[in-house]
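Q: 3D model of this:
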Amino acid sequence: MADQKRLNLYRNIGIIAHIDAGKTTLTERILFYTGRSHRMGEVHDGTAVMDWMEQEQERGITITSAVTTCEWRGHEIHLIDTPGHVDFTIEVERSLRVLDGAIAVFSGVDGVEPQSETVWHQADRYHVPKIAFVNKMDRIGADFNNTVSQIAAKFKTIPLPIQLPLGAEANFRGVIDLVSMKQTFWLDETLGAEFRIEEIDPALMAEANEAREDLVAKLGEFDDELMERYLGGDDITAEQLIAVIRRLTLELKAVPVLCGSALKNKGVQPLLEAIVDFLPSPLDVPPIEVINPQTGAVEQRNPDEQGPLAALAYKIFMEQGRKLTYLRIYSGVLRVGADVLNVSKGSREKVSRIFQMHANKRERIEKSGAGNLVAVLGLKTTTTGDSICDPDRPVLLEPVEAYEPVISISKETQLRADQEKLFDSLSKLSEEDPTFRFAESADTGQIIVSGMGELHLEIVLNRLDRDYHVQVNSGKPQVVYRETITRPSEGTGVFDREIAGARHFAEVRLHLSPRERGHGDAIENRVRDGSIPEIFFPAIEQGTKEAMSSGTISGYPVVDVDTNVFTGTFMEGASSELAFRVAASMAFRNAFEQGAPVLLEPYMSVEILTPDDFLGEVLGDINMRKGRIESIAARKAIQVIEAVVPLSKMFGYSTSLRSSTQGRATFTMHFSHYDLSSS
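A: Numbering: from 1, shown residues only. Reported below is the predicted structural model:
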């Protein structure tokens, strides 16, 4: 029972948003007001506690998700501050995979921006309940109601404004709480640590009453008892409203919306109250579903320290050559010195140390139980997405989904003596970041590194120099293309060779057909004449996948192809798995060449915010880059352009946009889809 009571006081939450919406600034205020830190760090002067990497402090952006712990109203809040830049979206993905709730931060000026939509949908995929915080209410052009309307329209959810802003722009001074029907002012001289709760100003009472009626009416649609009280004219208490709002939030039917200005230290404490009141504890989310690797059956693990250990490695970080593994413990207890099983790798590991993390600072602990986020030393073979569990009760948890890189750069060391060091350093970086890949080019001998964007690869190059002391020369960025076919085709592969004194023979015939864009690859066994025994199909599938990893045009991966194995030849005593694997690979390549193969390139969704004066120049530049304009919308004095542009045409765009708009326009982009090459 004590375990359940402790878990009920836990909140595992993340802060998610578009870049520059104010996530890290908000996190710094949370740490300050909860007493976790004793000075208020600022992003703009490089003193933010959570942005501890040198690259983060220099650029004023979050690059890696940082985890910390603080307390509010007797509740223990485990908090992850995630990046907003699309190049580091894997950090958001793996954080949301292990979190129970999230705070979505929106700029009151800019409303719902593209990366806000991306991270919101990521949270939806993992069924993560959310609170919305409309930030920057002190800025010129801030519009709370407009942001609430955008949340409703773009996310197809029910926003529940539980606050109204007191004043606007430079006159923003506090909030009206529609649940308690009080207003709150923050005292600037105390850096917002102290505030005054008062009765609502009579001049604002009519607006507040109307907003509360709207709130109660929305809630009443989901709660019969509340609707009866509302229609009967009965008083409705704050406790009754909180209970219904919490239920709807946990069921993902509605999203409470609050407002404030993190930079001006206003609105943070009510947000902490909302975290405790509305976001789930580990007991409020459904038990984690796992797969028993021995039986293949789906099982459930409840958040219970008395149960067998089940944990997910959601992040790897290399610190001074030592591997730190971040875990979310779903059930059981993890102890220092314990032997655990990495089910994903099939290897046993020993836990040498356990840490409670505060950004890059570590507090050693001897054990940790269900519901916790911890970091561990000693797990040598573990990588992102691996399942860690009790050796006697193995289970597999759903892994973290990784994204495919879209951009590559060639690298070579300045000193030949550094070549081996370069491989070792890149291996460590790719272990940390599943979206970063590297390989050696067979043609040039250069190392080809691939990532999610120019900034992503720039950060990696910077870390190679600073953290691993390897200087490299870089080539120009190259787009990571894909290959596919445009018409059905057939191909035959025959492998007949003597190896180590034994004959290996197999013949495989395949039929390929193109699939719709974005539908991926499929391999099916259509052998109906018994010409190939069923036992060899895994080898054929493996050989086909090997061939798909490198197309025949330029060696790029093959996508959107349907492969049917329909016949072949088997020879008793001579046919082997090796023979069928190689024959399938040969057949696929043969068929692929007959299918009129073409290159596909990544297209990016681009959103550009530009003053009216420069609209023509920006549109002209997008057209020059073979982009397609999707929409143009006015947002006060700013024009918002949404376009789809080939990635190959977007290199250097930030410099071009700055020069053509006198530095007044901004843009964001993220991967949209693969399509026929524009060049």
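Q: Tell me where the model's unsure across this protein.
A: Within the chain, the stretches with pLDDT under 70 are 1-4, 39-64, 84-88, 411, 414-417, 441-445, 635-637, 678-679.
Q: What is the longest helix of it by residue count?
A: For the chain, the helix with the greatest residue count under DSSP state H is helix 577-594.
Q: next SSE after that one?
A: For helix 577-594, the following helix or strand on the C-terminal side (DSSP states H and E) is strand 598-611.
Q: Report the buried residues of that next one.
A: Going by neighbour count (16 or more other Cβ atoms under 10 Å), the buried part of strand 598-611 is 598-610. For glycine as for every other residue, the C-beta is placed from the backbone atoms N, C-alpha and C.
Q: before we move on, back to that, and the longest helix of the chain, how far out from the chain's middle?
A: Centroid displacement of helix 577-594 relative to its chain, using Cα atoms, centre = their mean, to the nearest Å, is 37 Å.
Q: Run through who's touching it.
A: For helix 577-594, the external contacting residues (Cβ atoms under 8 Å, 6 or more residues apart in numbering) are 483, 485, 489-497, 499, 504-512, 532, 536, 538-544, 546-548, 551-552, 558, 561, 563, 565, 568.
Q: Make a markdown table from the buried residues of strand 598-611 and add distance to I245 to it.
A: Output for those, formatted as a markdown table (distance: Cβ to Cβ, whole Å):
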| residue | distance to I245 |
| --- | --- |
| V598 | 53 |
| L599 | 52 |
| L600 | 46 |
| E601 | 46 |
| P602 | 41 |
| Y603 | 41 |
| M604 | 38 |
| S605 | 34 |
| V606 | 37 |
| E607 | 32 |
| I608 | 37 |
| L609 | 33 |
| T610 | 39 |
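Q: Please write out the alpha-carbon positions of stretch 92-101 in PDB.
A: Extracted C-alpha coordinates of stretch 92-101, given in PDB (Å, rounded to 0.1, in the frame of the first residue of the first chain):
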ATOM      1  CA  VAL A  92      11.400  14.300 -28.100                       C
ATOM      2  CA  GLU A  93      10.400  10.900 -29.400                       C
ATOM      3  CA  ARG A  94      12.300   8.900 -26.900                       C
ATOM      4  CA  SER A  95      11.300  11.200 -24.000                       C
ATOM      5  CA  LEU A  96       7.600  10.900 -24.800                       C
ATOM      6  CA  ARG A  97       7.900   7.100 -25.100                       C
ATOM      7  CA  VAL A  98       8.700   7.000 -21.300                       C
ATOM      8  CA  LEU A  99       6.700   9.900 -20.000                       C
ATOM      9  CA  ASP A 100       3.200   9.900 -18.500                       C
ATOM     10  CA  GLY A 101       2.200  13.500 -19.200                       C
END
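Q: Run through who's touching that stretch.
A: Defining contact as Cβ under 8 Å, 6+ apart, one finds that stretch 92-101 is touched by 11-14, 16, 65, 80, 82-83, 102, 119, 122-123, 125-126, 128-131, 275, 279-282, 284-285, 312, 314-315, 328, 373, 384-385, 398, 400-403.
Q: now do stretch 311-326
A: Applying Cβ under 8 Å, 6+ apart, the contact partners of stretch 311-326 are 64-65, 67, 91, 94-95, 97-98, 327-330, 332, 334, 355, 357, 360, 373-377, 379-380, 382-389, 397, 399-400, 428-429, 431-432, 467.
Q: Let's see that with 7 Å instead.
A: With Cβ atoms under 7 Å, 6 or more residues apart in numbering as the test, stretch 311-326 has contacts from 67, 94, 97-98, 327-330, 334, 373, 375-377, 379-380, 382-389, 397, 400, 428, 431-432.
Q: Now restrict these to buried residues only.
A: Members of the contacts of stretch 311-326 classed as buried by 16+ other Cβ under 10 Å are 67, 94, 97-98, 327-330, 334, 373, 375-377, 379, 382-389, 397, 400, 428, 431-432.
Q: Sort out which residues of the helix or strand T184 falls within are buried, please.
A: Taking DSSP H and E as the criterion, T184 maps to strand 182-186. Using 16+ other Cβ under 10 Å as the test for burial, strand 182-186 gives 183-184, 186.
Q: Repeat that for stretch 623-640.
A: Buried-residue list, stretch 623-640, by 16+ other Cβ under 10 Å: 625, 627, 638-640.
Q: Mind telling me the two of those farthest from one another?
A: The most widely separated members of the buried residues of stretch 623-640, counting by Cβ to Cβ, are R625 and I638 (21.2 Å).
Q: Tabulate the buried residues of stretch 623-640 (JSON lines), appending distance to I158.
A: Formatted as JSON lines, the buried residues of stretch 623-640 follow (distance: Cβ to Cβ, whole Å):
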{"residue": "R625", "distance to I158": "39"}
{"residue": "G627", "distance to I158": "35"}
{"residue": "I638", "distance to I158": "28"}
{"residue": "Q639", "distance to I158": "30"}
{"residue": "V640", "distance to I158": "25"}
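Q: quick one: which of those is nearest L7?
A: Using Cβ to Cβ, these come closest to L7 at V640, 43.9 Å.
Q: How about that closest one, nearest residue that isn't a chain neighbour?
A: Excluding its sequence neighbours, the residue lying closest to V640 (Cβ to Cβ, 6 or more residues apart in numbering) is A633, at 4.8 Å.
Q: where's that neighbour, which helix or strand?
A: strand 628-635.
Q: neighbouring strands for the very next helix or strand once past that strand, and are they parallel or not?
A: Using DSSP H and E, the helix or strand that follows strand 628-635 towards the C-terminus is strand 638-646. Here strand 638-646 is paired, per DSSP bridges, with strand 598-611 (antiparallel), strand 628-635 (antiparallel).
Q: Check the offset of strand 638-646 from the chain's centre.
A: Centre to centre, stretch against its chain (Cα atoms, centre = their mean), the figure for strand 638-646 is 23 Å.
Q: same check, this time on stretch 25-38
A: Offset of stretch 25-38 from its chain centre (Cα atoms, centre = their mean): 24 Å.
Q: 3 is where my numbering starts, stick with that
A: Yep, numbering from 3; the last one is stretch 27-40 now.
Q: got the CA positions of that stretch in PDB?
A: Extracted C-alpha coordinates of stretch 27-40, given in PDB (Å, rounded to 0.1, in the frame of the first residue of the first chain):
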ATOM      1  CA  THR A  27      13.000  29.400 -19.700                       C
ATOM      2  CA  LEU A  28       9.800  27.800 -18.300                       C
ATOM      3  CA  THR A  29      11.800  24.800 -16.900                       C
ATOM      4  CA  GLU A  30      14.300  27.200 -15.200                       C
ATOM      5  CA  ARG A  31      11.400  29.000 -13.500                       C
ATOM      6  CA  ILE A  32       9.900  25.700 -12.300                       C
ATOM      7  CA  LEU A  33      13.300  24.700 -10.800                       C
ATOM      8  CA  PHE A  34      13.600  28.000  -9.100                       C
ATOM      9  CA  TYR A  35      10.100  28.200  -7.600                       C
ATOM     10  CA  THR A  36      10.300  24.600  -6.400                       C
ATOM     11  CA  GLY A  37      13.600  25.300  -4.700                       C
ATOM     12  CA  ARG A  38      15.500  22.800  -6.900                       C
ATOM     13  CA  SER A  39      17.900  25.600  -8.000                       C
ATOM     14  CA  HIS A  40      18.700  28.800  -6.100                       C
END
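Q: about what we covered before: who wins for proximity to A667 among the strands paired with strand 640-648?
A: Between A667 and these, the shortest separation by Cβ to Cβ is 3.8 Å, and it involves strand 600-613.
Q: All set, thanks.
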